[in-house]
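Participant: Any chance you can model this:
(one chain, ligands or ions: 3)
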Amino acid sequence: MALAISGRKDSGTGGVTILSLDELSDDLSALSDSEAAEVCTLLRARLIDTVSRTGGHLASSLGAVEIIVAIHRVFNTGVDRLVFDVGHQCYAHKILTGRNAAMETLRSFGGIAGFPKPSESACDAFIAGHASNSVSVAVGMARARTLQKKNYQVLALIGDGALSGGLAYEGLSDAGNSGEPLIVILNDNGMSITKSVGGVAEHLAHQRLKPQYLRFKKGYRKAMNVLPLGGHIYRVTHKIKTAVKETLLPCSLFEDMGFTYLGPVDGHDVKGLTRLLRYAKDLQGPVLLHVRTVKGKGYIHAERNPDRFHGVGRFCVETGQPIQPPQRNFSAVFGETLCMLAEQDDRICAITAAMQGGTGLDRFAQRFSERFFDVGIAEGHATAMAAGMAKQGMRPVFAVYSSFLQRAYDMLIHDVALQKLHVVLAVDRAGLVGEDGETHHGVFDAAFLDTVPGMTVLCPSSFAELRRMIRQAFYELDGPVAIRYARGGEGEYREDSGPMGSVCLRSGDDLTLVSYGMMINPVLECARRLEEEGIQSDIVKLNTITPLEMEPILRSVRKTGRLLVAEDVIEANCVGQRIAAAILQAGISLRSMELVNLGRRFVTHGTVPQLQKLCGLDGMSLREKAKEVCSRGER
Ligand SMILES: Cc1ncc(C[n+]2csc(CCOP(=O)(O)OP(=O)(O)O)c2C)c(N)n1
Ligand SMILES: CC(=O)[C@@H](O)[C@H](O)COP(=O)(O)O
Ligand SMILES: [Mg+2]
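Facilitator: Ligands and ions are numbered 1, 2, ... in the order given. Now for the predicted structure:
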């Protein structure tokens, strides 16, 4: 593919200035080293500018700029397969693959996604969003290539944080042994969202810091700079270097697993990275290139606060301050309430899988550091560990995003439920989450938690209810208890409806409306609008969705004969289906019924109100559905 930089001009010093990223094709192979460095500068400026207006994952994307430019210099991502881990660092790749203008629409409804999407570009090899699977996917692609006798390269780009997830080791162990040519680039910035934790983080730090090795490597680099870097010379000298390394350092974990280990190298030296990738490409086996980067590189506020700029809303470029002040949210209320309870009860422990800030646990981590456990991106381990703690008499709560809890389904059944252990799950980001889109919506938990024997699932609709339910989860219930709540703050409903089970919020004879959690807000709006048209509805709000308390619902539908259940979860085993089955079992025949939910689809990205509208779950759409229900059948 030809390089298209029509916007180049001579800088007057013999060098070339690249005027616009729009002029670049995804094939950067003809760029000189200095042009490549210039492209990196342009990309950084573009990332800071766009993300300041759209919001998104800035710090990780900034840190990966040189890696991505080097990849595009050596590989053709339209044919070679580049698998991003999580995918939140892929923005530079999007810009280089025809989506520079579309960056203005990043993460917005109808715009480009914040994660890799093959439907957007053939250069996006695989959808990503959840951590630690990239090596497995890459091995799969490499094996498919070999079986199909095709000729392309496969790369996985994985961060040190993602390397705290057990799945990564299943992939590495198999990849190292496979003999398949593939390149794993480990982008090691010492950070997950907060600081990387665990033994592997220690191992990586050790690899970087062994002083004798660093001294040796400096000398080696000097020598390499004066030598012409032919493949043969590099191979021989690299062997010598590896031998020296092995006598000075304990073997890297990756070498033991069967990889040719290269590094650690400076991940912001685009020239060096390009050379190493060319070398790795020729090696024809599993290679792990360990690259050291700075999270947030090139933007002072992000370098200083990489966790705040990991995922960021719109901000002022100059000051780094958010445009909108942070909203009080369910996660913060959870964290505060937990601190209050932990003050009185030293059995309470909090567990996070690398999501301390997002789950509202910052204060708990400071105040009760000995009872706070960040286990890394390891949701399965967190769940099994909570089971162990509960078995020995502690009161663990695992605070976890709904979509990441999917990773721990087996542990919930095998390690927690089977022994009826009192583990509390604070299931954050339940329901539609907005701009992160299909990989992050918390729309499966209501269905899968219901299948776990002995599980109780509580659904607060307000901060007051969340506070009460946390206490109930610890002191009035036993066995596994999940409290599921949405991303963000309260809506119009701010009461505490009191008991667990189901409560009637409003009385009317024409129709029964049922909902729970934050969906109660559009349902209240729907009821108000119906009333304006003379239709009176009962609203039954479910405070507990597993097990269901059916009595208030049955009482209501006996009266109205019509039912509409609204929920922002997938259709399979949704609450509406369970209610419908219970109504049938009770021998009640309804005149009409509508179950409004997300059906059997993946919901795209956008603001939550936009997505609710798309799915027919906003107040207006629910009113239309409710009117249909009312108009069906005679009373
Ligand atoms: C299974 C899962 N758990 C948690 C997350 C949330 N998460 C997204 S990125 C991230 C940190 C990743 O760190 P690293 O891989 O080192 O990438 P970096 O941001 O440092 O470039 C976490 C915890 C996730 N995406 N998937
Ligand atoms: C990439 C990733 O998985 C997280 O960074 C996630 O985007 C955080 O979401 P919140 O913004 O809801 O905390
Ligand atoms: Mg990292």
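Participant: measure D282 to P181 for me?
Facilitator: Distance, D282 to P181, by Cβ to Cβ, to the nearest Å: 10 Å. All C-beta atoms are positioned from the backbone trio N, CA, C, and that covers glycine.
Participant: Compare neighbour counts for these two and give me the winner.
Facilitator: P181 (18 against 12; other Cβ atoms under 10 Å).
Participant: Wait, the more buried one touches T260, no?
Facilitator: No. Counting by Cβ atoms under 8 Å, P181 sits too far from T260 to count as a contact (10.5 Å).
Participant: centre of the chain versus the strand or helix carrying A399, how much separation?
Facilitator: Using DSSP states H and E, A399 sits within strand 395-401. Relative to the centre of its chain, strand 395-401 is centred 17 Å away, using Cα atoms, centre = their mean, to the nearest Å.
Participant: Pull that strand out as CSV, backbone CA atoms only.
Facilitator: Extracted in CSV, the C-alpha atoms of strand 395-401 (Å, rounded to 0.1, in the frame of the first residue of the first chain):
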residue,chain,number,x,y,z
ARG,A,395,-18.1,-10.3,56.3
PRO,A,396,-16.7,-9.7,52.8
VAL,A,397,-18.2,-7.4,50.2
PHE,A,398,-17.0,-7.7,46.6
ALA,A,399,-17.7,-4.4,44.8
VAL,A,400,-17.7,-5.1,41.1
TYR,A,401,-19.1,-3.8,37.9
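Participant: Could you pull up the contacting residues of L590?
Facilitator: Residues near L590 by Cβ atoms under 8 Å, 6 or more residues apart in numbering: 557, 561-563, 583.
Participant: Ok, K297 next?
Facilitator: Per Cβ under 8 Å, 6+ apart, neighbours of K297: 44, 62-63, 65, 268, 303.
Participant: Can you tell me what sits against the strand holding A399?
Facilitator: Here strand 395-401 makes contact (Cβ under 8 Å, 6+ apart) with 334, 338, 345, 347-353, 355, 358-361, 379, 382-383, 385-386, 389-390, 408, 422-429, 440, 442, 473-474.
Participant: which of those residues count as buried?
Facilitator: Taking 16 or more other Cβ atoms under 10 Å as the criterion, what is buried in those is 334, 338, 348-353, 355, 358-361, 379, 382-383, 385-386, 389-390, 408, 422-429, 440, 442, 473-474.
Participant: neighbours around the residue of the stretch 501-635 of the chain found nearest ligand 1, how many?
Facilitator: The minimum distance from the stretch 501-635 of the chain to ligand 1, using Cβ to the nearest ligand atom, falls at H605 (14.6 Å). When neighbours are defined as other Cβ under 10 Å, H605 has 27 of them.
Participant: Give the burial count for the residue of the stretch 1-150 of the chain found nearest ligand 2, as a bare number.
Facilitator: Here the stretch 1-150 of the chain gets closest to ligand 2 at one residue, H88, 4.0 Å apart by Cβ to the nearest ligand atom. Other residues near H88 number 25, with proximity taken as other Cβ under 10 Å.
Participant: Identify the residues contacting it.
Facilitator: Residues in contact with H88 (Cβ under 8 Å, 6+ apart) are 57, 60-61, 114-115, 310-311.
Participant: how close does R578 get to ligand 3?
Facilitator: Per Cβ to the ion, to the nearest Å, R578 is found 41 Å from ligand 3.
Participant: If you count contacts, what does whichever strand or helix holds that residue end up packed against?
Facilitator: Element membership for R578 (DSSP H and E) is helix 575-585. Using 3 or more Cβ pairs under 8 Å, 6 or more residues apart in numbering; DSSP states H and E, the elements in contact with helix 575-585 are strand 511-516, helix 551-560, strand 562-566, strand 592-596.
Participant: Format the CA atom coordinates belonging to whichever helix in the chain runs longest as PDB.
Facilitator: If you go by DSSP state H, the chain has its longest helix at helix 33-54. Coordinates of each C-alpha in helix 33-54 appear next as PDB, following Å, rounded to 0.1, in the frame of the first residue of the first chain:
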ATOM      1  CA  ASP A  33      12.200   7.800  12.000                       C
ATOM      2  CA  SER A  34      11.900  11.500  12.400                       C
ATOM      3  CA  GLU A  35       8.700  11.600  10.500                       C
ATOM      4  CA  ALA A  36       7.400   8.800  12.700                       C
ATOM      5  CA  ALA A  37       8.300  10.800  15.800                       C
ATOM      6  CA  GLU A  38       6.400  13.800  14.300                       C
ATOM      7  CA  VAL A  39       3.300  11.600  13.700                       C
ATOM      8  CA  CYS A  40       3.400  10.700  17.300                       C
ATOM      9  CA  THR A  41       3.400  14.400  18.300                       C
ATOM     10  CA  LEU A  42       0.500  15.100  16.000                       C
ATOM     11  CA  LEU A  43      -1.400  12.100  17.400                       C
ATOM     12  CA  ARG A  44      -0.900  13.200  21.000                       C
ATOM     13  CA  ALA A  45      -2.200  16.700  20.300                       C
ATOM     14  CA  ARG A  46      -5.200  15.200  18.400                       C
ATOM     15  CA  LEU A  47      -6.000  12.800  21.300                       C
ATOM     16  CA  ILE A  48      -5.800  15.500  23.900                       C
ATOM     17  CA  ASP A  49      -7.900  17.900  21.900                       C
ATOM     18  CA  THR A  50     -10.700  15.400  20.900                       C
ATOM     19  CA  VAL A  51     -11.000  13.600  24.200                       C
ATOM     20  CA  SER A  52     -11.200  16.900  26.000                       C
ATOM     21  CA  ARG A  53     -14.400  17.500  24.100                       C
ATOM     22  CA  THR A  54     -15.800  13.900  23.900                       C
END
